[in-house]
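Peer 1: Got a predicted model here, sequence first, then my questions.
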Amino acid sequence: VFSNQWRIHSSSIDIEQVDYGGLPYSEAHQRVRFKRRHKYYITEALYPALFFLIISYCGFWIDRAVAPARVAIAVIPVLILTTLRNGVFAALPRVSYRIWLTDLLFLSLLFSTAAVIHYGIISALCEREARLVRQQQAREEEAALARVLGGKDVTKKEMADKMAGAVLKVRKLLGASPNA
């Protein structure tokens, strides 16, 4: 029997002659000692979990404008850690007490999920900031245009009419056709 977690440390077989109801019988007793390979979960679960947790947090150094890269580097570790956690739960016996490895995998998954949520919040706030900047720029352009056209309380229609008149005057000065 092959197992990555256990190895046979020693085994022995003893054969004894016993009497049952006056009849002799032979009994075989086999003794097997197993030794646990404690490094199995360290190399197969702990190191990969920490590795993908670090990868998840490397997304914070990627420019926020590069959304596909940030999403990929945040979501893929969550999926891998979920799969790794499910694999460990499938291999371990069901017990009622807490196990440090499952707690560590849960915290790794929690921190990786926090990185995904963090990116979502930052993305929403950046979009809001860009919208506010666009609105501020539009207000500044309207105010500058109103100053140029000679009035502070000029409506957009009046500004458009004055701009059309100015364009016609420029075309007339340049000798171009007014309808061109």
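Peer 2: Alright, I've got the coordinates.

Peer 1: Just say helix, strand or coil for Arg94.
Peer 2: coil (DSSP: H, G, I helix; E, B strand; the rest coil).

Peer 1: wait, what's in contact with it?
Peer 2: Not one residue lies near Arg94 by CB atoms under 8 Å, 6 or more residues apart in numbering. All C-beta spots, glycine's among them, are computed from the backbone N, C-alpha and C.

Peer 1: And it, what's its pLDDT?
Peer 2: The model reports Arg94 with a pLDDT of 86.

Peer 1: ok, now Val154?
Peer 2: For Val154, the predicted pLDDT is 63.

Peer 1: any idea how far Val170 lies from Ile62?
Peer 2: The gap separating Val170 from Ile62 is 48 Å, by CB to CB, to the nearest Å.

Peer 1: Show me the strands in the chain, by range?
Peer 2: 6-20, 23-36 (DSSP state E).

Peer 1: quick one, which of those strands is nearest to Tyr97?
Peer 2: Closest of those to Tyr97 is strand 23-36, at 17.6 Å (criterion: CB to CB).

Peer 1: the inter-axis angle of that closest one versus strand 6-20?
Peer 2: Taking axes from the mean of the first three to the mean of the last three CA atoms, to 10 degrees, one finds strand 23-36 and strand 6-20 inclined to each other by 170 degrees.
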